[in-house]
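K.L.:
Show me how the following folds:
(chains A, B, C and D)
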2 protein chains.
Amino acid sequence: MSLAQPPKANTLHDVAQVAGVSFMTVSRALNTPERVSPATLEKVRQAVAATGYIPNLLAGGLKSRRSMTVVGLVPIISVPQFLPTVRALTEALDEQGYQLILGQMGYDHAREDKLITTMMARRPDGFVVIGKLSSAAARRQLRAVGVPVVETWDLMPDPVDMVVGFSHEQVGRAVAEHLLARGLTRLAVATGDDDRAQSRLAGFLERVGHAVPTVVNPAPSSLAHGRQALAGLLAQEPRLQAVYCSSDALAQGVMVEAAARGLRIPQDLAVCGFGDADFAEHLFPSLTSVRVEGALIGRQAAQMLLDRCGGKRPPETRVDVGFRVVARQSTAA
Amino acid sequence: MSLAQPPKANTLHDVAQVAGVSFMTVSRALNTPERVSPATLEKVRQAVAATGYIPNLLAGGLKSRRSMTVVGLVPIISVPQFLPTVRALTEALDEQGYQLILGQMGYDHAREDKLITTMMARRPDGFVVIGKLSSAAARRQLRAVGVPVVETWDLMPDPVDMVVGFSHEQVGRAVAEHLLARGLTRLAVATGDDDRAQSRLAGFLERVGHAVPTVVNPAPSSLAHGRQALAGLLAQEPRLQAVYCSSDALAQGVMVEAAARGLRIPQDLAVCGFGDADFAEHLFPSLTSVRVEGALIGRQAAQMLLDRCGGKRPPETRVDVGFRVVARQSTAA
DNA sequence: CTGTTAGCGCTTTCAG
DNA sequence: CTGAAAGCGCTAACAG
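P.N.:
So this is what the prediction gives:
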């Protein structure tokens, strides 16, 4: 071969030699310092500093069966919607010494089985999934292994293990209610084609009580989709009064297209988004949306996972974080 | 203790037993199938399927010193700017059997040392950093260990190891040139306070040749910051002709604030962003911005890293992916 | 409180 | 082409 193996890093043995104790004592000094005498502890501390020792978690994990990693499965990372969750999750895990291994499932459900098998090879201590696991094989596999799993951003009736989310159907109903309460009756929907958006649509239609003009675009939805959607919806129903959009990006697109057509919001057209992105309240006019505590979902998921990893009290297995319709100018009466 | 250890998964031994060969042969069948007879290969294949065997990469990595992981360090994951890079990086690594471990450094440079030490404990085969490593200690440590490092989104003169990015000063100059060429002279800047944005600002001012009204806001910048910024800039110079913004989110905020004040774009105020977010070309009016191939950066970084991991040809050590000012309506003459 | 003894599951190396 | 031996660096269990 050409190159030598990567250089060997210092090990517990090296530190032990410098400190003049057994390597096992060094291990204890690092992991359970309360079981080591203060004098020894100090010697070890200095030896660690002198050698620049960094533990090898691969080795530790092999023996202890705790890799101190959690796999995070997202549809694709470039969807802003879920970033607060990923961020909070990563931070919460990091605080406890766990790291996040990122996996992208794509919206087509195709990679799911392969990805989970790949990830299992890393022997993670848990899985956090944005959305639900849709592959029966994957669900079976995870259950069989008994690894903790938190599905998020939804409240499916039959989670693999734990779940923290909210009811998308309720969101749909609440949005419909919000619009109807303002006397808006000629409604329409611009929505992504993912499961959650479809659930919201179902709830929306249930509350409205009849079909409405609808444009469905492939997830992840974008501002461009929103512009196209409004064009399509106006073609179906020129006298449209309000549009519910399955994301704030979509809603923004609708607002842009409305502006381009000289339609005033909310006088000529009311708009409601979903997700309450950071920009929603700062648009002009400000955008009515549905606030979801994405960061809370991430923190909660981390805690549920770590509780279970620690073998602590049986953690909550199903957490509803709720949501809130935030009324702003775009749907003002 | 309360709970038993997690259940033991199948090992090479289990598969070997079923297949009626030695465990070493199974290992070869999986890793170097060309060195195993077709008949044996088939037996092993069936045994793997029957047992549902999933390799243990922790064990493999311990001996081989190749963990098949790469650490990705981002400022914070919730900045949309870098997502195409993270996405492409994750995908490119996954294709080669590598997974991405995510680390968030924050914009304050404080966590850098601690984070890198934490990550080193996982013995990654490489690091990809969005931005530059600023801690001298961290840089020294990484160099000492000899682990491949790719810094991205910038072209610093003294990278730790490899670098793929572009010149932010050149971007600043190009944007200034673009605005000046349109006869706009009363310019202003709304910018984030991160290193890269500051470099662009420096290039911008160099080309302009004199100071201009400037509002600096803490990264990551948002639409809300953009609105505030325009308000602040107009207070400094009511007859403003053009604003360069260090991100498209900021630029969008400037556009929103302009709309709220009844200013027409570009007639009353020209606006230029940076990053060419997906929404830039679909705004109304469409937003002039600076296109950077974020996904290319991710793919290129992955390739450089894996080339080096494979001990292949000395890979490129410095790649300039360039950029392009995309002129749109927001700066039309 | 400290040390010794066994591996964790795999890859490397060396023999057949 | 296949097998046996050794050990990666650490933790768990048991001894002192």
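
K.L.:
what residues does the stretch 101-250 of chain A put near DNA strand D?
P.N.:
For the stretch 101-250 of chain A, no residue is in contact with DNA strand D (Cβ under 7 Å from any atom of the strand). For every residue, glycine as well, the C-beta is placed using N, CA and C.

K.L.:
now the stretch 101-250 of chain A, which segments are flagged as low pLDDT?
P.N.:
Counting by pLDDT under 70, the stretch 101-250 of chain A contains no low-confidence segment.

K.L.:
where's the residue of it found nearest chain B relative to B:Leu230, distance?
P.N.:
Going by Cβ to the nearest Cβ, chain B is nearest to A:Leu223 of the stretch 101-250 of chain A, at 3.9 Å. For A:Leu223, the distance to B:Leu230 equals 20 Å [Cβ to Cβ, to the nearest Å].

K.L.:
who has more neighbours, these two?
P.N.:
Using other Cβ atoms under 10 Å in any protein chain shown, the more surrounded residue of A:Leu223 and B:Leu230 is B:Leu230, with 29 against 26.

K.L.:
How about that one, nearest residue that isn't a chain neighbour?
P.N.:
Nearest residue to B:Leu230, sequence neighbours excluded (Cβ to Cβ, 6 or more residues apart in numbering or on different chains): B:Glu257, at 4.2 Å.

K.L.:
so which helix or strand takes in the one you found?
P.N.:
helix B:248-260 (DSSP states H and E).

K.L.:
Let me know the angle separating that helix from helix A:248-260.
P.N.:
40 degrees (axes from the mean of the first three to the mean of the last three Cα atoms, to 10 degrees).

K.L.:
In helix B:248-260, which residues are buried?
P.N.:
B:Asp248, B:Ala249, B:Leu250, B:Ala251, B:Gln252, B:Gly253, B:Val254, B:Met255, B:Val256, B:Glu257, B:Ala258, B:Ala259 (16 or more other Cβ atoms under 10 Å in any protein chain shown).

K.L.:
Redo the residues you listed as a markdown table? Include distance to B:Gly322.
P.N.:
Shown next, in a markdown table, are the buried residues of helix B:248-260 (distance: Cβ to Cβ, whole Å):
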| residue | distance to B:Gly322 |
| --- | --- |
| B:Asp248 | 18 |
| B:Ala249 | 23 |
| B:Leu250 | 22 |
| B:Ala251 | 21 |
| B:Gln252 | 24 |
| B:Gly253 | 27 |
| B:Val254 | 26 |
| B:Met255 | 26 |
| B:Val256 | 30 |
| B:Glu257 | 31 |
| B:Ala258 | 30 |
| B:Ala259 | 33 |
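
K.L.:
Show me which of those is closest to DNA strand D.
P.N.:
Closest approach to DNA strand D among the buried residues of helix B:248-260 (Cβ to the nearest atom of the strand): B:Ala249, at 43.5 Å.

K.L.:
what's the closest one in contact with, if anything?
P.N.:
For B:Ala249, the contacting residues are A:Phe279, B:Pro80, B:Ser221, B:Ser222, B:Leu223, B:His225, B:Gly226, B:Ala277, by Cβ atoms under 8 Å, 6 or more residues apart in numbering or on different chains.

K.L.:
gap between the fifth one and DNA strand D?
P.N.:
B:Leu223 sits at a distance of 46 Å from DNA strand D (criterion: Cβ to the nearest atom of the strand, to the nearest Å).

K.L.:
Please look at that residue and A:Phe279 and confirm they touch.
P.N.:
Yes - using Cβ atoms under 8 Å, B:Leu223 is in contact with A:Phe279, at 3.9 Å.

K.L.:
Residues that sit against both of these two, list them.
P.N.:
B:Ala249, B:Gln252, B:Gly253.

K.L.:
Now flag whichever of the residues you listed is closest to A:Asp14.
P.N.:
Distance to A:Asp14, by Cβ to Cβ, is smallest for B:Ala249 among the shared contacts of B:Leu223 and A:Phe279, at 48.9 Å.

K.L.:
Can you report how many residues neighbour A:Gly72?
P.N.:
Neighbour tally, A:Gly72, other Cβ under 10 Å: 29.

K.L.:
typo on my end, A:Ala50
P.N.:
Neighbour tally, A:Ala50, other Cβ under 10 Å: 13.

K.L.:
what sits against it?
P.N.:
A:Ala50 touches A:Val18, counting by Cβ under 8 Å, 6+ apart.

K.L.:
Then the one 5 residues further on?
P.N.:
For A:Pro55, the residues meeting the contact criterion (Cβ under 8 Å, 6+ apart) are A:Leu12, A:Leu30, B:Ala121.

K.L.:
Report the contact partners of the first one.
P.N.:
Spelled out, it's A:Leu12. Counting by Cβ under 8 Å, 6+ apart, A:Leu12 has contacts A:Phe23, A:Val26, A:Ser27, A:Tyr53, A:Pro55.

K.L.:
just checking, which of those belong to helices?
P.N.:
A:Phe23, A:Val26, A:Ser27 (DSSP state H).

K.L.:
Is stretch A:55-72 positioned near DNA strand C?
P.N.:
Yes - for stretch A:55-72, a contact with DNA strand C is found by Cβ under 7 Å from any atom of the strand, at A:Ala59, A:Leu62, A:Lys63.

K.L.:
wait, which of these is closest to B:Ala49?
P.N.:
Proximity of the residues of stretch A:55-72 next to DNA strand C to B:Ala49, judged by Cβ to Cβ, is greatest for A:Leu62, which lies at 25.3 Å.

K.L.:
Report the buried residues of the top helix by length along chain A.
P.N.:
In terms of residue count, the longest helix belonging to chain A (DSSP H) is helix A:294-309. Within helix A:294-309, the residues that qualify as buried are A:294-309, counting by 16+ other Cβ under 10 Å.

K.L.:
CA atoms of stretch A:176-192 as PDB?
P.N.:
As requested, the backbone C-alpha atoms of stretch A:176-192 are provided in PDB (Å, rounded to 0.1, in the frame of the first residue of the first chain):
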ATOM      1  CA  ALA A 176     -60.800  26.500   7.900                       C
ATOM      2  CA  GLU A 177     -62.500  27.800  11.000                       C
ATOM      3  CA  HIS A 178     -60.300  30.900  11.100                       C
ATOM      4  CA  LEU A 179     -61.200  31.800   7.500                       C
ATOM      5  CA  LEU A 180     -64.900  31.000   7.800                       C
ATOM      6  CA  ALA A 181     -65.100  33.000  11.000                       C
ATOM      7  CA  ARG A 182     -64.000  36.000   9.000                       C
ATOM      8  CA  GLY A 183     -66.900  35.500   6.600                       C
ATOM      9  CA  LEU A 184     -64.700  34.200   3.800                       C
ATOM     10  CA  THR A 185     -66.500  31.500   1.800                       C
ATOM     11  CA  ARG A 186     -64.900  31.200  -1.600                       C
ATOM     12  CA  LEU A 187     -61.800  29.300  -0.400                       C
ATOM     13  CA  ALA A 188     -59.000  27.500  -2.100                       C
ATOM     14  CA  VAL A 189     -55.900  25.400  -1.100                       C
ATOM     15  CA  ALA A 190     -52.300  25.400  -2.400                       C
ATOM     16  CA  THR A 191     -50.600  22.400  -0.800                       C
ATOM     17  CA  GLY A 192     -47.600  20.100  -0.900                       C
END
